[in-house]
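Novice: sequence plus predicted model, see below.
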Amino acid sequence: MAMQSFRQRLQTKQGIGIVIALLSGGVLVYLFLTPWALRKLSDGFYLGFFNMLSIGLLLLMGLGLAADKHRKEVPEELKTLTLRGFLGVLGLAAGCLLYFEVMRRIGFLVITPIFLFIAFFALKLGHWWRCVVLAVVVTVIVYLLFSVVGLELPHGFLSVELPI
């Protein structure tokens, strides 16, 4: 049997699972190294609990995908995978990390619509004006949902909360 190229291995479910596990493992290590994530809140939870939980679950799902009995299969959508597309996904992951860091400093309400606009525009979800509207609407909805639940989003340099 011929040796598979890196691209062919990457296209399998196993390759995808390994990439997901490595990326989420890196993010998990990053979270453990940031002091804010392990800060205990008044309700007994740690500030980064839900972040670490969701990333930990993503890590487990990536490992599960890599070890699945169908791990050698190549999904139809990935048969045309290009290096440019793969690097684009890695760039998106790096952009999410950057967004997270900037959001803590600048604030959710300032940086989220900018980040979402860039993401929506890159995903070609419509004309630029539609991407702006979508970004603002999604930001407001998320802010309202978090406010209703009683969870505070980073204010950054905005020291005042907006009323719901």
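Specialist: Happy to help now that I have it. The model shown is predicted, which means the values in this text are computed figures rather than measured ones.
Novice: okay, domains of the protein per the record?
Specialist: Following automatic domain parsing, the chain resolves into domains at 1-79, 82-164.
Novice: just give me how far the shortest one sits from the chain centre.
Specialist: So that's domain 1-79. Domain 1-79 sits 11 Å away from the centroid of its parent chain (CA atoms, centre = their mean, to the nearest Å).
Novice: which SSE is immediately downstream of the longest helix along the chain?
Specialist: Of all the elements of type helix in the chain, the one with the most residues (DSSP state H) is helix 83-106. Under the assignment DSSP states H and E, the closest C-terminal helix or strand after helix 83-106 is helix 108-122.
Novice: just put the domains of the chain in TSV and tack on mean neighbour count.
Specialist: C-betas here are computed from N, CA, C, even on glycine. TSV is the format used below for these (neighbours: other CB atoms under 10 Å):
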stretch	mean neighbour count
domain 1-79	14
domain 82-164	14
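Novice: could I get those as JSON lines with mean pLDDT?
Specialist: Rendered in JSON lines, the data for the domains of the chain read as follows (pLDDT from 0 to 100):
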{"stretch": "domain 1-79", "mean pLDDT": "85"}
{"stretch": "domain 82-164", "mean pLDDT": "86"}
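Novice: picking that back up, show me what the longest helix of the chain is packed against.
Specialist: Based on contacts counted as 3 or more CB pairs under 8 Å, 6 or more residues apart in numbering; DSSP states H and E, the elements that helix 83-106 packs against are helix 13-33, helix 108-122.
Novice: residues in contact with stretch 68-88?
Specialist: The list of residues contacting stretch 68-88 from outside it, by CB atoms under 8 Å, 6 or more residues apart in numbering, reads 7, 8, 10, 11, 12, 13, 14, 16, 17, 65.
Novice: end-to-end on it?
Specialist: Between the opening and closing residues of stretch 68-88 lies a distance of 26 Å (CA to CA, to the nearest Å).
Novice: pull the distance from that stretch to the chain's centre.
Specialist: Relative to its chain's centre, stretch 68-88 lies at 19 Å (CA atoms, centre = their mean).
Novice: before we move on, the earlier item: with distance to residue 43 added, can I get the helices and strands packed on helix 83-106 in TSV?
Specialist: As requested, the helices and strands packed on helix 83-106 are arranged in TSV below (distance: least, CB to CB, whole Å):
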stretch	distance to residue 43
helix 13-33	19
helix 108-122	20
